[in-house]
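> Fold the following.
(2 chains)
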Amino acid sequence: MTDGVPTWEEIARDHGRFLYAVAYRLSGNDDEAQDLVQESLIRVRRGLERYEPGSLEGWLARIVTNVFLDEMRRRKRRPTDALPDDPERVLPAAPAADEVYVGLSDDIQAALSALPEEFRVPVVMCDVADQSYEQIAEALGVPVGTVRSRLHRGRKLLREMLSEHAA
Amino acid sequence: MTAFDPTAGAPFDDSLLSAWLDDECTPAEAAAVEAALASPDVAARLAEVASARTAVRSAPWPEPPAGFWDRVHAAVDAADGVTDSVAAPAPVVALPVRRRPTRWVAALGAAAAAVVAAVVLVPGPATVRPAVGTLVDAHALRSSIQGDAASTLAPIAVSAGFRP
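Numbers count the residues shown, from 1 in each chain, chains lettered A, B, ... in the order given. Predicted structure coming up:
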């Protein structure tokens, strides 16, 4: 660590689980989460010179979210590789046995994955990455009021999907 | 926006419920929420979003598979061209397997092959446009830097007009 700025190896060691958790909740599967974390750490390494000590996890959450959004934009430019983003679509099938799921989080991850991206991202940034509305707004380039609205709608949709799944 | 008290003529903004749970309300907004919670309907809606919020927050964090961090370290070093010059012989860096879907990779590979075949086999002007050699060199350079041989092929296919 130099002048309060950690090395990328220290960040990977101390905040790797955080990065992976956010990446997994955003992407919904282990393979993509691994790719997101890898690309995020590459950006972390390249961006450390510009990092100013502060909310490290806020900075990391912003990076992994940007990597995820960049990937979504790339897929939209190549529709054959795009994931469906229909809010009315049914919940994904049960995960394969070798996928990383833990207990009750199966249903929650399935519901999160079924959320449209515009609602899923603020929910994950708030409820997994524990970011403030202002931090989320800054990361997404939208007004705080938009974050508030999307987060609320996302939670309502999640609640509906979890209730339907449980029924 | 959900009508809270039609007789008062003031609609109640339901998104305040989430903001209240997250401690993101102004004092005036918090007071409005707390007053609105006298309504059983509003209280029920608050309970619904609170349950979704709690479900996500309390879900255990997923764990990456064994060996993941070793692969990430190797990949991050490789991405920035860092090698261990002290170690001899130089180790072979095991890049992580890229597990992206492969359908379009095959399609792009076929398109790139078609571009090369067209340039080689079809008689044309002395000067080839686009400059395929330059594009291929640029692609090889980008691929070596980014480790993604497929996604950078698209510009070649677009330039040659092989897309429908």
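> Pop the domain breakdown of chain B in here.
B:2-58, B:66-97, B:98-164 (automatic domain parsing).
> Can you flag the weakest of those domains by average pLDDT?
When the domains of chain B are compared by mean pLDDT, domain B:98-164 comes last with a mean of 44.
> low-confidence ranges in chain A?
A:1-3, A:79-105 (pLDDT under 70).
> Tell me which stretches of it form helices.
A:8-27, A:30-47, A:56-77, A:105-114, A:117-127, A:133-140, A:144-166 (DSSP state H).
> Point out the most buried one among these.
Of the helices of chain A, the one with the most neighbours on average (mean count of other CB atoms under 10 Å in any protein chain shown) is helix A:117-127, at a mean of 24. Backbone N, C-alpha and C define where each C-beta goes, glycine included.
> and the angle from the helix or strand containing residue B:77 to helix A:8-27?
In the assignment (DSSP states H and E), residue B:77 maps to helix B:68-79. Calculated by axes from the mean of the first three to the mean of the last three CA atoms, to 10 degrees, helix B:68-79 forms an angle of 110 degrees with helix A:8-27.
> List the contacts of residue A:154.
If a contact means CB atoms under 8 Å, 6 or more residues apart in numbering or on different chains, then residue A:154 has A:115, A:119, A:120, A:122, A:123 as its contacts.
> Among those, which ones lie close to chain B?
residue A:123 (CB under 8 Å from any CB of the partner chain).
> Mind telling me the two of the contacts of residue A:154 farthest from one another?
A:115 and A:122 (9.9 Å; CB to CB).
> what would the helices of chain A look like in JSON lines with distance to residue B:18?
As requested, the helices of chain A are exported to JSON lines (distance: least, CB to CB, whole Å):
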{"stretch": "helix A:8-27", "distance to residue B:18": "18"}
{"stretch": "helix A:30-47", "distance to residue B:18": "26"}
{"stretch": "helix A:56-77", "distance to residue B:18": "19"}
{"stretch": "helix A:105-114", "distance to residue B:18": "16"}
{"stretch": "helix A:117-127", "distance to residue B:18": "9"}
{"stretch": "helix A:133-140", "distance to residue B:18": "10"}
{"stretch": "helix A:144-166", "distance to residue B:18": "4"}
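> Those: which one's closest to residue B:67?
Comparison of the helices of chain A against residue B:67 by CB to CB identifies helix A:30-47 as nearest, at 10.7 Å.
> That closest one and chain B, any residue contact?
Yes. Counting by CB under 8 Å from any CB, chain B has neighbours in helix A:30-47: A:30, A:31, A:33, A:34, A:35, A:37, A:38, A:41, A:42, A:45, A:46.
> And the closest residue to residue B:25 other than its chain neighbours, how far from residue A:63?
Excluding the flanking residues, the one nearest residue B:25 by CB to CB, 6 or more residues apart in numbering or on different chains is residue B:19, at 4.9 Å. The gap separating residue B:19 from residue A:63 is 26 Å, by CB to CB, to the nearest Å.
> Thanks a lot, catch you later.
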